[in-house]
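In: Any chance you can model this:
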Amino acid sequence: MLLTTHVHPDGDAVSSLLAFGFLCRRLGRDADMYMADPIPDRFRFLPGAGGVVVVGADSLPRKYEGAVILDVGSRDRIGKVEDCLAPSVEIVNIDHHISNDQFGNINLLHLDASATSQIIYDIFGDFGFTPNPDEATCIYTGILSDTGRFRFSNTTSRALEVASHLVSLGANPTYLADRIYYEMPLEDMQAMGKALTTLEMFGDGQVCALFLSEDDEVQDSDALVDLALSIQGVEVALLFCEMDDGRVRISLRSKNRVNVSELAEHFGGGGHFKAAGVRMRGTLESARDRLLPVVLEAVGIPQLGVTPA
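Out: You can find the predicted model right below:
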């Protein structure tokens, strides 16, 4: 059986994949973990991360007849891992995104869960298992990251209850917060400083855009777009990252009013109300010019072009 998650994996994607891998071992099931993109550096310390294989164009594994796809709204979001699936593959789709298109043969969707990792926690309980410290660490990390360090609107009482239980089981909240959010490589800080010089403001200061070229390597691009969102008066922050395949990866963040998941879905992406992503063909400038009118309309600004404010 194959386990996978979405391209450009975030904390919940990585954590739910690893936690489900641990669950499979508990159940005595063989499960191989594959990703289209590498695990971000800040999550590589997680237990089990060394067992994840990045699919390469020159070394595809066998075709799998069964797959569990985690934290993915639509099947095309698994990227190159699609080449690992047999035509007759049976898919279990486990997710919490409202934009999920129910692509699985079995769809386990808990839209009220704070993270897919929280669903995995519940599955552990369904099988009568209590997470051990390694499993608790992975699940806690997924909830921590997908709630924006317990500050997004999906930080429900249930999410906090689960997080509390995971801490009692061995997840170390201080260590995990420090390791994930407060240990930044010097190269990242320098690249972020360069990216901040590209900052553009639109819509009377309600929309902010940043740009990273292919040569600007930032391991934690989410920190950069979150920083842009913290600017006073900004409602939506956008980070445009140039990729090596002729596409642009765009991270969208909203402070309060705008559902950026709906904006991302308009261009084939998806995510959460306040955090979403999409990939577009073209240049940084062409991606900006396509997306900005939609964003400006969402914040209530007349579409008068994309001239920076």
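In: now the strands: where do they sit in this protein?
Out: Per DSSP state E, the chain carries strands over the ranges 2-4, 32-35, 52-54, 64-70, 85-95, 106-109, 200-202, 207-212, 236-242, 247-254, 270-271, 275-281.
In: got the ones you listed as JSON lines, with mean neighbour count and mean pLDDT columns?
Out: For glycine as for every other residue, the C-beta is placed from the backbone atoms N, C-alpha and C. Below are the strands of the chain laid out as JSON lines (neighbours: other CB atoms under 10 Å; pLDDT from 0 to 100):
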{"stretch": "strand 2-4", "mean neighbour count": "26", "mean pLDDT": "98"}
{"stretch": "strand 32-35", "mean neighbour count": "21", "mean pLDDT": "96"}
{"stretch": "strand 52-54", "mean neighbour count": "16", "mean pLDDT": "94"}
{"stretch": "strand 64-70", "mean neighbour count": "23", "mean pLDDT": "97"}
{"stretch": "strand 85-95", "mean neighbour count": "17", "mean pLDDT": "97"}
{"stretch": "strand 106-109", "mean neighbour count": "15", "mean pLDDT": "98"}
{"stretch": "strand 200-202", "mean neighbour count": "19", "mean pLDDT": "95"}
{"stretch": "strand 207-212", "mean neighbour count": "24", "mean pLDDT": "94"}
{"stretch": "strand 236-242", "mean neighbour count": "24", "mean pLDDT": "94"}
{"stretch": "strand 247-254", "mean neighbour count": "23", "mean pLDDT": "92"}
{"stretch": "strand 270-271", "mean neighbour count": "24", "mean pLDDT": "79"}
{"stretch": "strand 275-281", "mean neighbour count": "21", "mean pLDDT": "89"}
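In: would JSON lines of those with distance to L46 be doable?
Out: What follows is the strands of the chain, written out as JSON lines (distance: least, CB to CB, whole Å):
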{"stretch": "strand 2-4", "distance to L46": "15"}
{"stretch": "strand 32-35", "distance to L46": "12"}
{"stretch": "strand 52-54", "distance to L46": "10"}
{"stretch": "strand 64-70", "distance to L46": "14"}
{"stretch": "strand 85-95", "distance to L46": "18"}
{"stretch": "strand 106-109", "distance to L46": "23"}
{"stretch": "strand 200-202", "distance to L46": "35"}
{"stretch": "strand 207-212", "distance to L46": "25"}
{"stretch": "strand 236-242", "distance to L46": "23"}
{"stretch": "strand 247-254", "distance to L46": "22"}
{"stretch": "strand 270-271", "distance to L46": "22"}
{"stretch": "strand 275-281", "distance to L46": "20"}
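In: Please parse the chain into its domains.
Out: Following automatic domain parsing, the chain resolves into domains at 2-181, 186-298.
In: which of those has the lowest average pLDDT?
Out: If the domains of the chain are sorted by mean pLDDT, domain 186-298 sits at the bottom with a mean of 89.
In: Any idea how far that one is from the middle of the chain?
Out: Averaging C-alpha positions (CA atoms, centre = their mean, to the nearest Å) puts domain 186-298 14 Å from its chain's average.
In: Equivalent analysis for stretch 8-18, please.
Out: That offset, for stretch 8-18, works out to 7 Å (CA atoms, centre = their mean).
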